[in-house]
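**Q** next comes the sequence, and after it the predicted model I'd like to discuss.
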Amino acid sequence: MSAFIAQRLADNTENLYDEVIEQVERVLITKVLDVTDGNQSKAADILGITRGKIRDRIATFDIRLERNVTLGQNESAE
C-alpha cells in the first residue's frame with residue numbers, strides 16, 4: 001500500500017483518499033470472496049454489507065468468480 005500511495009503522490013493525485021479506500025476495498029472483498037469460495041452471501045455476512053453491495057463491487061472492480069467443476073476419479077460421465 002505504501003508503494004501505491006507514494007506513486008499516486010508522485011503523480012500529483014488530487015483524490016488520494018478515495019483511491020486508497022478503493023484499493024483497500026478491492027483487496028478486502030477479493031480476499032473474503034476467496035475465503036468463502038465465491039459465496040457472495042457469506043462474504044456479505046462477514047463484511048457486514050448487503051449481497052447487493054457485494055455484487056456491485058464485483059462489477060465495479062471487475063472481480064472474476066471462477067468455479068471449477070471436476071468429475072471425481074471414481075465417477076463416470078455416462
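**A** Received, thanks.

**Q** tell me which element S41 falls in.
**A** Using DSSP states H and E, S41 sits within helix 40-47.

**Q** what sits up against that helix?
**A** Counting by C-beta atoms under 8 Å, 6 or more residues apart in numbering, the neighbours of helix 40-47 from elsewhere in the structure are L28, I29, V32, L33, V35, T36, T50, R51, K53, I54, R55, I58. To be clear about C-beta, it is placed using only N, CA and C from the backbone, and glycine gets the same treatment.

**Q** now do the helix or strand that it is followed by: which elements does it pack against?
**A** Next in sequence after helix 40-47, counting helices and strands by DSSP H and E, comes helix 51-60. Using 3 or more C-beta pairs under 8 Å, 6 or more residues apart in numbering; DSSP states H and E as the contact definition, the elements that helix 51-60 packs against are helix 16-35, helix 40-47.

**Q** now these in CSV, with mean neighbour count?
**A** As requested, these are exported to CSV (neighbours: other C-beta atoms under 10 Å):
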stretch, mean neighbour count
helix 16-35, 14
helix 40-47, 17
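
**Q** between those, which one is nearest to L71?
**A** Between L71 and the helices and strands packed on helix 51-60, the tightest spacing by C-beta to C-beta is seen for helix 16-35, at 23.9 Å.
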